[in-house]
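Asks: When you get a sec, could you give me coordinates for this:
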Amino acid sequence: MKIFIGVDLHKKTQTWAGIGLSGPEKLFIKEFQVTPEGVSEAIEFVKGKYGKDVNISLSIEPCCGWMWVVKQLKENKIDVHITNPRKVRAIADSLQKTDENDAYTLALLLRTGMLHESRIIDPETQKLRSLVRERSFCVRLRASVKCRLEGIVTREGRHLITGSLSSKKGKDQITKSNHPEWLTHIGIIQDLDKHIDVLEKELIKKSKELPVSKLLQTIPGVGHITALTIISEVGDFKQFSKPEKLCAFSGLVPTERSSGGVQRLGHITHAGSKHLRYILVEAAMHIREDNSKTLYNFYKKIKEKSGAMRARVALARKILTISWYMVTRNESYKIII
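Replies: From the prediction side, this is the model:
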């Protein structure tokens with residue numbers, strides 16, 4: 001027997017809805033707790049009702065600690081499909097949005113072959129992604145604290161600090177001031193400096209061990225962190241049959257509203273990973289005439305026609321396209337260009 005199951009996952013509860021191969025009629029709808037015991041109870045419920053040899057295909061959205069749930073489901077030989085939430089308009093636009101209806105909709109989409117699935121990266125790449133994003137978060141947090149400190153010092157006596165607040169001289173002057181609020185912010189910055197340093201040492205070590213990272217670093221403007229960000233956010237490059245699909249995945253392609261033979265392009269879609277888009281645009285900003293005349297001329301040509309912002313996005317898209325060719329062909333930047 002074949003059963004299609006949709007799971008609406010929340011922080012504390014999960015709702016399972018099942019339908020059969022013959023039609024859209026609901027076979028069951030039942031709520032379970034989001035715990036290892038709750039997942040086991042749900043599996044046993046289905047197998048107890050329809051037999052231990054029942055063939056289960058299950059759809060679930062990636063939210064609320066979904067990874068360990070999926071791992072446990074796969075360990076129990078269940079065919080799991082991860083839904084792309086951005087593509088499930090039937091749920092987002094529903095006028096009767098309940099846990100039961102959402103779970104049933106997922107099961108129905110899976111049964112009819114209309115489910116848009118998310119690309120799932122392997123556990124090692126997931127660990128790398130977590131490490132890269134942790135470093136990115138800490139860098140942004142440090143910048144925010146520095147801005148906050150600059151504002152406080154400016155308000156209360158910027159003339160007392162003659163050096164840059166980021167310099168050793170500036171930090172020493174703040175330490176000697178014995179101003180409680182200034183010292184608190186400097187302490188936070190110093191703690192973040194230490195943590196970021198530890199993360200970067202670990203990331204650079206991993207970068208040196210990965211052949212793909214070494215390959216990507218032959219692109220001008222791409223260093224250890226940029227290469228690892230691209231690798232961790234993209235995953236397997238070969239899952240994309242052509243570079244255009246990878247660029248669409250990154251959200252760096254323009255929206256399109258074309259009709260009647262008239263093409264209308266708008267702003268970029270912003271789909272996919274914001275971390276990937278940010279690091280690619282940042283890499284594009286490091287392209288200069290002295291490190292890559294080809295890429296710089298590409299940027300310059302678009303800038304003259306459409307402005308600096310569009311040119312940077314176009315260059316970021318080109319860097320990602322080049323990356324796809326390099327990784328899928330295992331060739332360096334010089335050979336590709």
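Asks: in the stretch 151-300 of the chain, which spans are helices?
Replies: Secondary structure of the stretch 151-300 of the chain, counting by DSSP state H, counting those that start in this stretch: helices at 168-177, 180-209, 211-216, 224-234, 243-250, 274-285, 293-306.
Asks: ok, the closest residue to Glu233 other than its chain neighbours - contacts?
Replies: Here the nearest residue to Glu233 in space, its sequence neighbours aside, is Leu276; by Cβ to Cβ, 6 or more residues apart in numbering that works out to 4.0 Å. Using the backbone N, CA and C atoms, a C-beta is placed for each residue, glycine as well. Leu276 makes contacts with 229-230, 233-234, 250-251, 320, as judged by Cβ atoms under 8 Å, 6 or more residues apart in numbering.
Asks: on that earlier part again, for the helices of the stretch 151-300 of the chain, which one sits closest to Gly23?
Replies: helix 243-250 (34.5 Å; Cβ to Cβ).
Asks: tell me what the closest one is packed against?
Replies: Taking 3 or more Cβ pairs under 8 Å, 6 or more residues apart in numbering; DSSP states H and E as the contact definition, the neighbouring helices and strands of helix 243-250 are helix 274-285, helix 308-329.
Asks: After the least confident helix or strand in the chain by mean pLDDT, which helix or strand is next?
Replies: Confidence across the helices and strands of the chain bottoms out at helix 89-92, with a mean of 57, counting by mean pLDDT, DSSP states H and E. Tracing the chain past helix 89-92, the next element assigned as helix or strand by DSSP states H and E is helix 99-112.
Asks: three-state assignment of Phe4?
Replies: Three-state assignment for Phe4 (DSSP: H, G, I helix; E, B strand; the rest coil): strand.
Asks: Just give the nearest non-adjacent residue to it, would you?
Replies: Arg111 (4.2 Å).
Asks: neighbours around the one you found, how many?
Replies: By the other Cβ atoms under 10 Å criterion, the neighbourhood of Arg111 contains 22 residues.
Asks: Next, the contact list for it, please.
Replies: For Arg111, the contacting residues are 4, 19, 21, 24, taking Cβ under 8 Å, 6+ apart as the criterion.
Asks: Lys127 now?
Replies: For Lys127, the set of contacting residues under the criterion of Cβ under 8 Å, 6+ apart is empty.
Asks: Give me the angle between the host helix or strand of it and helix 224-234.
Replies: Assessed by DSSP H and E, Lys127 sits inside helix 123-157. Counting by axes from the mean of the first three to the mean of the last three Cα atoms, to 10 degrees, helix 123-157 points 130 degrees away from the direction of helix 224-234.
Asks: is it true that Leu315 touches Phe298?
Replies: Yes - distance between Leu315 and Phe298: 6.4 Å, which falls inside the contact criterion (Cβ atoms under 8 Å).
Asks: Who has more neighbours out of the two?
Replies: When Leu315 and Phe298 are compared on other Cβ under 10 Å, the one with more neighbours turns out to be Leu315, at 24 against 16.
Asks: dump the residue contacts of the residue minimising distance to the centre of the chain.
Replies: Relative to the mean C-alpha position of the chain, the nearest C-alpha, by Cα atoms, centre = their mean, is the one of Ser273, at 3.8 Å. With contacts taken as Cβ under 8 Å, 6+ apart, Ser273 has the following neighbours: 233, 250-251.
Asks: Tell me the one of the residues you listed nearest Tyr325?
Replies: Looking at the contacts of Ser273 and their distance to Tyr325, the nearest is Ser250, at 15.1 Å (Cβ to Cβ).
Asks: I'd like to know how far the closest one sits from Leu280.
Replies: Between Ser250 and Leu280 the distance is 7 Å, computed by Cβ to Cβ, to the nearest Å.
Asks: State the distance from the residue nearest to Phe4 to Gly23.
Replies: Distance of Arg111 to Gly23, computed by Cβ to Cβ: 9 Å.
Asks: Angles on the backbone of Thr98, please.
Replies: Backbone torsions for Thr98, taken as degrees, to the nearest 10, come to phi -130, psi 170.
Asks: So what's the residue count around Ile60?
Replies: As a measure of burial, Ile60 has 23 neighbours, counting by other Cβ under 10 Å.
Asks: ok so, going back, could you give the angle of the helix holding Lys127 to helix 180-209?
Replies: Going by the same axes, to 10 degrees, helix 123-157 makes 150 degrees with helix 180-209.
Asks: Show me which parts of helix 123-157 are buried, residue by residue.
Replies: Taking 16 or more other Cβ atoms under 10 Å as the neighbour-count basis, helix 123-157 is seen to contain the buried residues 125, 128-129, 131-132, 135-136, 138, 142, 145-146, 149-150, 152-153.
Asks: Many thanks, have a good one.
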